[in-house]
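Asks: any chance you can model this:
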Amino acid sequence: MVKTKINSKSFLIINFGLLVTALGTYFFLIPSDLAAGGVTGLSIIINRLLPQIPIGLIMIILNAGLFILAFIVIGKEFVGLTIYNSLLLSALIYIFELTFPMNAPLIDDLLVNLIYGILISGVGIAIIFNQHSSTGGTDIIAKIISKFTHLDIGKSLLIADSIVIIGAISVLGIEVGLYSLLGILVNSTVIDKSIAGFNTKYQIAIISEKDDIITKFITEEMDRGVTLLNGVGGYSKSEKNVIHTVIQRSEYGILKKKVMEVDPKAFIWVNLVNEVHGEGYTF
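Replies: Numbers count the residues shown, from 1 in each chain. I've put the predicted structure just below:
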């Protein structure tokens, strides 16, 4: 079972992600009939076949079935927050409909609408996924696929949305269908790259004659773990300690400044890492 821990900061981040997702979806994808995956895309297709049924009602019916599936497979904590996210996303789109009615796309260019819609909504979905949550719809299917296959969430979403593409080509036409396919491919990449960017940490290695002072600063002032490796200088043949630590991107400037103050001759190298497991980091 996946447990979703939520605090006030995470809750605000999720709500911001929902707002970003709604903006990209409502102003760029929906007016252009771009069924770029998800329950929204599937609802657009069904609405075209059954125009007497509102898109919102179709979304509610589809999401209800997926919520039951998620409750069984993933767990009630995930489902509870997902229901909230789904309802708020639908409400935001409805508010936009009342406030900014769209009778036609903002720009009469499918490709431009696709690019902006996918980039904006993809970043929003990535923000939500990064908080271990979901907007419902095919996100739930993607979460289940990711759980059992360990695929990246973007690739799992690509698999889950494949059925939408088939429907888009059949119902909305080959042009819109192919644009929708392009949108799903780009969407999966945007989500994975965005999540990787959110989770990027700095792996730092430092060689310094003042390793004891630097180590104390990292462990006591920055509250980060340190591993000391014994090394030998290739030229000097003198023994040295190599300080290894992993820190947040925002902490790098602080550490670099301290190291340069303590030992201007210190040698530092940095690697980017996208996943860290262990004490002091959530995952």
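Asks: quick one: pLDDT of G154?
Replies: Looking at G154, its pLDDT reads 65.
Asks: what's the pLDDT at G38?
Replies: 72.
Asks: quick one, strands of the chain?
Replies: Here the chain has its strands, by DSSP state E, at 201-207, 227-232, 239-248, 267-273.
Asks: highest average neighbour count across those?
Replies: Most buried of the strands of the chain by mean neighbour count (mean count of other Cβ atoms under 10 Å) is strand 201-207; its value is a mean of 19. C-beta here means a position set from N, CA and C on the backbone, and glycine is covered the same way.
Asks: what about the helices in the stretch 151-283 of the chain?
Replies: Assigned helices in the stretch 151-283 of the chain, in chain order: 153-160, 162-172, 174-198, 211-216, 249-262 (criterion: DSSP state H, counting those that start in this stretch).
Asks: which one of these lies closest to I14?
Replies: helix 174-198 (13.0 Å; Cβ to Cβ).
Asks: now do the closest one against helix 249-262, angle only.
Replies: 40 degrees (axes from the mean of the first three to the mean of the last three Cα atoms, to 10 degrees).
Asks: lowest-scoring secondary structure element of the protein by mean pLDDT?
Replies: helix 153-160 (a mean of 73; mean pLDDT, DSSP states H and E).
Asks: deepest-packed of the helices of the stretch 151-283 of the chain, please.
Replies: helix 153-160 (a mean of 22).
Asks: let me see the mean pLDDT of stretch 180-193.
Replies: Here the average pLDDT along stretch 180-193 is 77.
Asks: for that stretch, C-alpha coordinates in PDB please.
Replies: Only the C-alpha atoms of stretch 180-193 are listed here, as PDB (Å, rounded to 0.1, in the frame of the first residue of the first chain):
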ATOM      1  CA  SER A 180      -2.600  14.200 -29.800                       C
ATOM      2  CA  LEU A 181      -0.100  11.300 -30.200                       C
ATOM      3  CA  LEU A 182       2.700  13.900 -30.400                       C
ATOM      4  CA  GLY A 183       1.300  15.600 -27.300                       C
ATOM      5  CA  ILE A 184       1.300  12.400 -25.300                       C
ATOM      6  CA  LEU A 185       4.900  11.600 -26.300                       C
ATOM      7  CA  VAL A 186       6.000  15.100 -25.300                       C
ATOM      8  CA  ASN A 187       3.900  15.000 -22.200                       C
ATOM      9  CA  SER A 188       5.600  11.900 -20.800                       C
ATOM     10  CA  THR A 189       9.000  13.500 -21.400                       C
ATOM     11  CA  VAL A 190       8.000  16.800 -19.800                       C
ATOM     12  CA  ILE A 191       6.700  15.000 -16.700                       C
ATOM     13  CA  ASP A 192       9.800  12.800 -16.300                       C
ATOM     14  CA  LYS A 193      12.200  15.700 -16.900                       C
END
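Asks: rewinding a little: switch the helices of the stretch 151-283 of the chain over to a markdown table; also include distance to L106.
Replies: Formatted as a markdown table, the helices of the stretch 151-283 of the chain follow (distance: least, Cβ to Cβ, whole Å):
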| stretch | distance to L106 |
| --- | --- |
| helix 153-160 | 25 |
| helix 162-172 | 19 |
| helix 174-198 | 16 |
| helix 211-216 | 53 |
| helix 249-262 | 34 |
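Asks: chain center to stretch 265-275, what's the gap?
Replies: 25 Å (Cα atoms, centre = their mean, to the nearest Å).
Asks: list the contacts of that stretch.
Replies: Stretch 265-275 is contacted from outside by 196, 199-210, 214, 246, 252, 256, 259-260, 283, using Cβ atoms under 8 Å, 6 or more residues apart in numbering.
Asks: what do you get if the cut-off is 10 Å, keeping everything else the same?
Replies: With contact meaning Cβ atoms under 10 Å, 6 or more residues apart in numbering, stretch 265-275 is reached by 192-193, 195-211, 214, 240, 242-243, 246-247, 249, 252, 255-256, 259-260, 281, 283.
Asks: one more: stretch 224-240?
Replies: Taking Cβ under 10 Å, 6+ apart as the rule, stretch 224-240 contacts 204-209, 211-212, 214-219, 241-248, 251, 255, 267, 278-281.
Asks: just the pLDDT for S208.
Replies: 91.
Asks: thought it was touching F217?
Replies: No - counting by Cβ atoms under 10 Å, S208 sits too far from F217 to count as a contact (11.2 Å).
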